[in-house]
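**Student:** Sequence and predicted structure, then a few things I'm wondering about:
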Amino acid sequence: MPAAHATILVRRRPDEVFAFVADARNQWRWQPTLMRIEDFPHAAVQVGASWLEVRNFNGRARNLRITVTEYRSPAALGFTGDGGGIVVQGRFTFEPVGDATRVTQHMDFRGRRLMMLLAPLIARRSGDEMQDNLERLRTALNGL
């Protein structure tokens with residue numbers, strides 16, 4: 001299965017970083033492809049919570065159904081993203097490193113039908129985007 005990962009060190013405690021990442025309403029601050037979120041749960045996010053993200057992929061709006069699969073504060077956050085032709089299994093881990101947190105994002109991509117052929121390309125392009133997004137995450141957290 002094609003995969004991508006990225007990692008970064010953030011000068012914040014793991015509980016602070018986890019809380020920021022786990023709140024999908026913060027995503028627009030560090031993920032510029034996010035256009036909007038629909039059906040966001042009114043209750044606290046937990047395993048099984050689901051919402052629709054509309055993202056800009058190559059100039060086109062694409063729907064991605066996000067479902068939380070793991071919620072272990074402040075250590076790990078997992079999700080599935082189903083965009084029709086591509087299914088993503090994603091996971092963030094938050095490791096304390098002195099007075100900072102190492103944030104690692106890992107995503108596995110599985111294509112359906114013809115998208116199986118594009119999954120490796122999507123994974124390669126996503127790795128660069130993930131690293132850029134984590135840089136934006138660090139900047140957003142430093143601005144709090």
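**Tutor:** Thanks, I have the structure now. Numbers count the residues shown, from 1 in each chain.
**Student:** Show the secondary-structure elements that the biggest helix by length in the chain is packed against.
**Tutor:** In terms of residue count, the longest helix belonging to the chain (DSSP state H) is helix 115-142. Secondary structure elements in contact with helix 115-142, counted by 3 or more C-beta pairs under 8 Å, 6 or more residues apart in numbering; DSSP states H and E, are strand 3-10, helix 14-22, strand 86-97, strand 100-111. Heads up, the C-betas are built off the backbone N, CA and C, glycines and all.
**Student:** Test of understanding: give the bridge partners of the most centrally placed residue in the chain.
**Tutor:** When the chain is reduced to its mean C-alpha position, the closest residue under C-alpha atoms, centre = their mean turns out to be residue 90, at 6.6 Å. Applying DSSP bridges to residue 90 yields these beta-bridge partners: residue 79, residue 107.
**Student:** Go ahead and confirm it touches residue 80.
**Tutor:** Yes - under the criterion of C-beta atoms under 8 Å, residue 90 lies in contact with residue 80, with a separation of 7.5 Å.
**Student:** okay, the angle between the helix or strand bottoming out on mean pLDDT in the chain and strand 3-10?
**Tutor:** Ranking every helix and strand in the chain by mean pLDDT, DSSP states H and E puts helix 115-142 at the bottom, with a mean of 83. Angular relation of helix 115-142 and strand 3-10 on a 0 to 180 degree scale: 0 degrees, by axes from the mean of the first three to the mean of the last three C-alpha atoms, to 10 degrees.
**Student:** and the angle for the longest helix of the chain with strand 100-111?
**Tutor:** Note on geometry: by the same axes, to 10 degrees, helix 115-142 and strand 100-111 are set 160 degrees apart in direction.
**Student:** and the angle from helix 115-142 to helix 14-22?
**Tutor:** For the pair helix 115-142 and helix 14-22, the angle between their directions (the same axes, to 10 degrees) equals 130 degrees.
**Student:** Show me how far helix 115-142 is from its chain's centre.
**Tutor:** Here the centre of helix 115-142 is set off from its chain's centre by 9 Å, with C-alpha atoms, centre = their mean, to the nearest Å.
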